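# Test case, fold it:
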Amino acid sequence: MASESFTIGGDFTVRRLGYGTAQLTGPGYWGPRGDPDDAVAVLRRAVDRGVTLIDTADNYGPSIAEELVAEALYPYPAGVLVATKGGVVRTGPDAWHIDGRPERLRAMCEASLRRLHRDTIDLYQLHRLDPRVPMAEQLGTLDELRAEGKIRHIGLDSVTVEELVVARELTSIASVQNRYNLLDRSSEPLLELCEAHGIAFLPWFPLGNGELAADPVCAEIAATHGATPAQVALAWLLHRSPVLCPTPGTGSLVHLEENLDAGTVQLSGAELARLDRR
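Prediction:
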């Protein structure tokens, strides 16, 4: 049976199946999506269902997702970890610009603190490494913010094995966030490195951006469990590695319930082997 929890950074235990906030924003992760009251309801229901890992970013909206998290959850219940990201500037739908200059990272972090109504961000993830700025300067800035009490743990998004090795020589890394799902396992070597060092791996697009909901193998296995293909895909992640902490996002209460119920799907060894061969 897959463990339900993981301890991030060695001192903050969360339920592995969390919730991501990107889908609370409009097309291209830009602007609002529908009625903000619906988004608030989804966030509150997630926590009511036992979610303790909320994944957001300053550039979702931009700013909108963080503001919704604060509106829905502040004052934050004990045990809820809010992870956010910085290091990317938005200029329009699907327009992303990496900026890892120290002064920009500091300004982004402090803006997130204000929007989230927090004194400390539990997990602050560098959304992308800036190739124009030495990694030591980018992580050094985050280390300074941690020393000041503004960050509790540092994470990285979309990194290679080699980059994580170097980053760990510079500072302690509590999490990585790369694309990983049943149909895309290109980050498998990175997952193995995370397992070796107890680093949380928050897979983005855990449902393959919707592709896995139509996967025939997932559908066949789902039918035997009275589940959905998406639930099987999430259950596979939870069984695949104890460090995987998927945070599927949705703006729908119905889909939220479906995603969270994936935690009850217990896959057999034969089913896992069949899925592994996908």
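
# Show me where the chain has its helices.
Using DSSP state H, the helices assigned to the chain run over residues 36-48, 64-73, 102-116, 135-147, 161-170, 188-197, 216-225, 229-240, 253-261, 269-276.

# I'd like to check what contacts the longest one. Which residues are they?
Helix 102-116 is contacted by residues 58, 63, 66-67, 69-70, 74, 82, 84, 86-87, 89, 118-121, 124, 126, 133, 137-138, 140-142, 144-145, 150-151 when judged by Cβ atoms under 8 Å, 6 or more residues apart in numbering. To be clear about C-beta, it is placed using only N, CA and C from the backbone, and glycine gets the same treatment.

# Buried among those residues? Need that as a selection in PyMOL.
Selecting just the buried residues from the contacts of helix 102-116 in PyMOL takes one command, with 16 or more other Cβ atoms under 10 Å as the test:
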select buried, resi 58+63+66+67+69+70+82+84+86+87+89+118+120+121+124+126+133+138+141+142+145+150+151
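
# returning to that earlier point: out of the helices of the chain, which one sits most buried?
Per-residue neighbour counts averaged over each of those give the maximum for helix 229-240, namely a mean of 25 (mean count of other Cβ atoms under 10 Å).

# now the angle between helix 253-261 and it, please.
30 degrees (axes from the mean of the first three to the mean of the last three Cα atoms, to 10 degrees).

# Please renumber the chain so that the first residue is 36 from this point on.
Okay, using 36 as the starting number, the last item reads as helix 264-275.

# Report the distance from helix 264-275 to the chain centre.
Using Cα atoms, centre = their mean, to the nearest Å, we find the averaged C-alpha position of helix 264-275 to lie 16 Å away from the chain's own average C-alpha position.

# Just name whatever secondary elements it is in contact with.
The elements that helix 264-275 packs onto, with contact taken as 3 or more Cβ pairs under 8 Å, 6 or more residues apart in numbering; DSSP states H and E, are helix 251-260, helix 288-296, helix 304-311.

# what's the distance between the residue lying farthest from the centre of the chain and Ala305?
Taking Cα atoms, centre = their mean as the measure, the residue most remote from the mean C-alpha position of the chain is Thr259, 29.3 Å away. Distance check for Thr259 against Ala305: by Cβ to Cβ, to the nearest Å, it reads 11 Å.

# What of Gly233?
Taking Cβ to Cβ as the measure, Gly233 and Ala305 are separated by 29 Å.

# What distance do you get for Arg220 to Asp46?
The gap separating Arg220 from Asp46 is 30 Å, by Cβ to Cβ.

# ugh, wrong one, Leu88
Between Leu88 and Asp46 the computed distance is 14 Å (Cβ to Cβ).

# Same drill for those two, tell me which one is more crowded.
Higher neighbour count among Leu88 and Asp46: Leu88, with 28 against 9, using other Cβ atoms under 10 Å.

# For burial, what's the neighbour tally of the residue nearest to that one when sequence neighbours are not counted?
Spatial nearest neighbour of Leu88, excluding adjacent residues (Cβ to Cβ, 6 or more residues apart in numbering): Gly53 at 3.1 Å. Neighbour count for Gly53, taken as other Cβ under 10 Å: 24.
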